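S.K.: Compute the structure for the input listed below.
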Amino acid sequence: MAKSIMIQGTMSNVGKSWITAGLCRVFKQQGYKVAPFKAQNMALNSYVTKEGKEMGRAQAIQAEAAGIEPNVLMNPILLKPTSEQGSQLIVNGEVLGNMSAAEYFNYKTKLIPLILKAYHTLAAQNDLIVVEGAGSPAEINLKQDDIVNMGMAKMAKSPVLLVADIDRGGVFASIYGTIMLLDEDERALIKGIIINKFRGDVEILRPGLKMIEERTGIPVLGVVPYLHIDLEDEDSLADRFSKPQRAKTVDIAVIRLPRMTNFTDFNTFELIPEVSLRYVSTAAELHNPDMIILPGTNNTMGDLLWLRQKGLEGLIKKKAASGTLIFGVGGGYQMLGESLEDPYGVEAGESLKGMGLLKAKTVFSRDKTRSRVLGRFNKLDGVLAGLSGVSFSGYEIYMGITENKGQAEEQKALTQIEITTEETVAGQAKRKAEGLVCGNVLGCYVHGLFEEQQVASAIIQCLLVNKGLDALNLTPVDYQEYKERQYNKLATAISKNVDIKAIHKIMEEGV
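M.R.: This next block holds a predicted model:
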């Protein structure tokens with residue numbers, strides 16, 4: 001069985017996921033077979049495995065850092081918020097249903113055998129497991145029947161490293177307070193402390209490090225500097241949403257829906273020097289972009305109503321009428337149609353008028369489509385004619401059927417795709433038309449297609465040509481190679497600033 005180390009944090013967004021990914025890459029570089037694990041994740045960003053199962057995107061990124069194929073064993077429980085008090089519960093990659101916070105709190109202990117089975121299966125296949133916690137282990141109102149922090153550490157018999165964020169201030173109080181709020185047996189599991197996101201001279205920090213070690217009896221194993229590394233974000237706490245952006249040669253505006261999912265679809269555009277990618281949540285912020293993207297959402301009808309309340313729907317329709325490119329993905333694609341119907345109560349349990357920019361009707365279904373796809377764009381006219389025939393890969397993750405209600409001469413399928421699911425991995429892939437295009441309005445269910453260098457470059461070239469500009473000198477971007485550089489930079493920083501030998505010793509000694 002694999003040896004393990006668990007990464008817990010004094011609060012959310014201290015960098016647990018980054019430290020976990022970094023350690024996965026460090027151990028991989030050292031020649032170990034290593035895998036990440038998180039018993040329960042709550043996030044709107046998810047990933048579809050090659051078998052067509054859904055898992056948290058953070059664990060998929062960590063698996064990528066470890067150099068292995070993502071598997072739902074790494075994240076057996078995923079909660080995708082659908083409202084302020086409810087979430088869709090995904091177990092072993094399959095939708096179990098929607099639950100309120102109270103319902104899930106009373107239900108979650110029934111999932112312990114499943115969690116243990118996933119963990120032990122993964123541990124039997126690897127040398128090392130890097131386990132990630134969630135939020136803080138000192139949430140005293142949630143400690144009862146915990147399955148993701150100290151409860152998981154006990155089940156896995158895993159030593160714990162406590163990560164704290166110094167950038168926000170109060171780091172020593174957060175470390176000491178977290179440890180003191182734990183039970184004695186829980187405190188005994190913490191074998192080291194890592195201070196993250198430090199700016200400045202570490203020598204000035206030494207007296208504080210010494211004092212916290214004396215007060216807690218737990219060694220500080222490292223101080224990780226504030227890193228300017230670009231890894232895919234897990235949730236809406238992402239710093240990229242608050243970064244000020246000025247419009248560049250090509251300006252793309254992504255509508256920041258309240259329950260936006262899989263916003264990592266658009267990260268590639270941020271790497272192209274000629275492009276500005278802005279996240280917009282008010283009508284005043286929209287201005288005059290060259291392309292407007294309606295992203296995925298875990299509540300299409302609720303977020304469409306939000307668009308209307310914010311005055312964004314009417315403004316987007318005006319931009320579409322003036323020739324601005326409108327691209328909907330997933331739930332954003334569903335919004336672009338004429339109507340949304342929910343006969344099974346998947347979302348609101350009613351009918352809702354769509355934006356009417358595509359002649360289409362979406363009927364929500366009980367079952368979720370999850371698959372990886374290969375595809376190509378059909379022959380396109382107008383502004384995106386240069387995208388015709390370009391190939392891509394990606395994944396689909398949605399609930400519903402969208403029906404084309406338009407005439408062939410004005411509206412047609414956007415792409416042709418081959419679908420890979422659990423049933424077709426060993427057999428022949430299914431083929432089908434996907435998405436719709438009507439003039440300068442496009443939509444599809446395929447996530448991740450912009451990650452392909454040829455797709456992102458082709459779209460920007462089309463937009464440049466549409467503006468009468470030269471597209472020959474566009475800077476190419478290899479997104480996969482870029483991500484590899486980020487993992488290696490992260491691993492280098494952790495190796496340099498954290499006592500990796502001490503972590504190996506901690507894992508060897510166990511609990």
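
S.K.: C-alpha from now on. contacts and neighbour counts both.
M.R.: Fine.

S.K.: Note down every partner strand of the worst-scoring helix or strand of the chain on mean pLDDT and its orientation.
M.R.: Here the helix or strand of the chain ranked lowest by mean pLDDT, DSSP states H and E is strand 412-420, holding a mean of 90. Its sheet considered, strand 412-420 pairs with strand 369-377 (antiparallel), strand 430-438 (antiparallel) by DSSP bridges.

S.K.: what packs against whichever helix or strand comes after the first one?
M.R.: The helix or strand immediately downstream of strand 369-377 is strand 391-398, counting by DSSP states H and E. Packing partners of strand 391-398 (3 or more C-alpha pairs under 8 Å, 6 or more residues apart in numbering; DSSP states H and E): strand 46-48, strand 369-377, strand 446-447, helix 453-466.

S.K.: repeat that for 10 Å
M.R.: Using 3 or more C-alpha pairs under 10 Å, 6 or more residues apart in numbering; DSSP states H and E as the contact test, the elements touching strand 391-398 are strand 46-48, strand 296-297, helix 331-335, strand 369-377, strand 412-420, strand 446-447, helix 453-466.

S.K.: Give me the sheet partners of that strand and which way each runs.
M.R.: Strand pairing for strand 391-398, determined by DSSP bridges: strand 369-377 (antiparallel), strand 446-447 (antiparallel).

S.K.: can you list these in JSON lines and add mean pLDDT and distance to residue 293?
M.R.: Shown next, in JSON lines, are the strands paired with strand 391-398 (pLDDT from 0 to 100; distance: least, C-alpha to C-alpha, whole Å):
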{"stretch": "strand 369-377", "mean pLDDT": "94", "distance to residue 293": "18"}
{"stretch": "strand 446-447", "mean pLDDT": "96", "distance to residue 293": "12"}
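
S.K.: Out of those strands, which is closest to residue 331?
M.R.: For those, proximity to residue 331 was assessed by C-alpha to C-alpha; strand 446-447 is nearest, at 10.7 Å.

S.K.: doesn't residue 338 make contact with residue 352?
M.R.: Yes - between residue 352 and residue 338 there is a contact at 8.8 Å, judged by C-alpha atoms under 10 Å.

S.K.: on that earlier part again, kindly reformat the strands paired with strand 391-398 as JSON lines containing mean neighbour count and distance to residue 261.
M.R.: Supplementary listing: the strands paired with strand 391-398 in JSON lines, determined by neighbours: other C-alpha atoms under 10 Å; distance: least, C-alpha to C-alpha, whole Å:
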{"stretch": "strand 369-377", "mean neighbour count": "22", "distance to residue 261": "14"}
{"stretch": "strand 446-447", "mean neighbour count": "27", "distance to residue 261": "10"}
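
S.K.: Kindly reformat the ones you listed as a markdown table containing distance to residue 220.
M.R.: Formatted as a markdown table, those follow (distance: least, C-alpha to C-alpha, whole Å):
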| stretch | distance to residue 220 |
| --- | --- |
| strand 369-377 | 43 |
| strand 446-447 | 41 |
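
S.K.: Now for residue 453, how many residues are close by?
M.R.: If you count neighbours by other C-alpha atoms under 10 Å, residue 453 ends up with 17.

S.K.: now it: how far from residue 271?
M.R.: Per C-alpha to C-alpha, to the nearest Å, residue 453 is found 11 Å from residue 271.

S.K.: Show me the common contact partners of those two, please.
M.R.: 476-479 (C-alpha atoms under 10 Å, 6 or more residues apart in numbering).

S.K.: List just the nearest of those to residue 116.
M.R.: residue 479 (35.0 Å).

S.K.: Next, give phi and psi for that closest one.
M.R.: The phi/psi pair for residue 479 (degrees, to the nearest 10) reads phi -70, psi -40.

S.K.: and it, how far is that from residue 276?
M.R.: For residue 479, the distance to residue 276 - C-alpha to C-alpha - is 17 Å.

S.K.: do the same with residue 45
M.R.: Residue 45 sits 22 Å away from residue 276, going by C-alpha to C-alpha.

S.K.: okay, now the domains of the protein?
M.R.: Structural domains assigned to the chain are 3-39+62-68+110-232+484-509, 250-468, following automatic domain parsing.

S.K.: between those, which has the poorest average model confidence?
M.R.: Of all the domains of the chain, domain 250-468 carries the lowest average pLDDT, namely a mean of 93.

S.K.: rewinding a little: neighbour-wise, which of residue 45 and residue 276 wins?
M.R.: Regarding residue 45 and residue 276, a neighbour count based on other C-alpha under 10 Å identifies residue 45 as having more, with 24 against 19.

S.K.: List the contacts of that one.
M.R.: Neighbouring residues of residue 45 by C-alpha under 10 Å, 6+ apart: 55-58, 80, 232-236, 260-265, 296-298.

S.K.: And it, what's its pLDDT?
M.R.: Residue 45 carries a pLDDT value of 90.

S.K.: re earlier: tabulate the helices and strands packed on strand 391-398 (a markdown table), appending distance to residue 32.
M.R.: Formatted as a markdown table, the helices and strands packed on strand 391-398 follow (distance: least, C-alpha to C-alpha, whole Å):
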| stretch | distance to residue 32 |
| --- | --- |
| strand 46-48 | 25 |
| strand 296-297 | 37 |
| helix 331-335 | 40 |
| strand 369-377 | 29 |
| strand 412-420 | 30 |
| strand 446-447 | 32 |
| helix 453-466 | 31 |
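
S.K.: so which of the ones you listed comes closest to residue 189?
M.R.: Residue 189 sits nearest to strand 46-48 of all these, at 30.3 Å, using C-alpha to C-alpha.

S.K.: what's the offset of that closest one from the middle of its chain?
M.R.: Centroid separation for strand 46-48 versus its chain: 8 Å, with C-alpha atoms, centre = their mean, to the nearest Å.

S.K.: what do you get for stretch 53-62?
M.R.: Remark: stretch 53-62 is offset 8 Å from the chain centroid, using C-alpha atoms, centre = their mean.

S.K.: now the end-to-end length of it.
M.R.: Start-to-end span of stretch 53-62 (C-alpha to C-alpha) is 17 Å.

S.K.: Pull the residues that contact stretch 500-510.
M.R.: 2-6, 23, 26-27, 128-129, 157-161, 189, 191-192, 221-222, 494-495.

S.K.: Count the neighbours of residue 141 for me.
M.R.: 6.

S.K.: Can you classify it by secondary structure?
M.R.: Following DSSP: H, G, I helix; E, B strand; the rest coil, residue 141 is assigned to coil.

S.K.: which phi and psi does it have?
M.R.: Dihedral pair for residue 141: phi -80, psi -10, per degrees, to the nearest 10.

S.K.: Quick test: name the residue nearest the centre of the protein.
M.R.: residue 45 (3.2 Å; C-alpha atoms, centre = their mean).

S.K.: Nearest residue to that one in space, please, no chain neighbours.
M.R.: With sequence-adjacent residues excluded and distances taken as C-alpha to C-alpha, 6 or more residues apart in numbering, residue 45 is closest to residue 262, at 4.5 Å.
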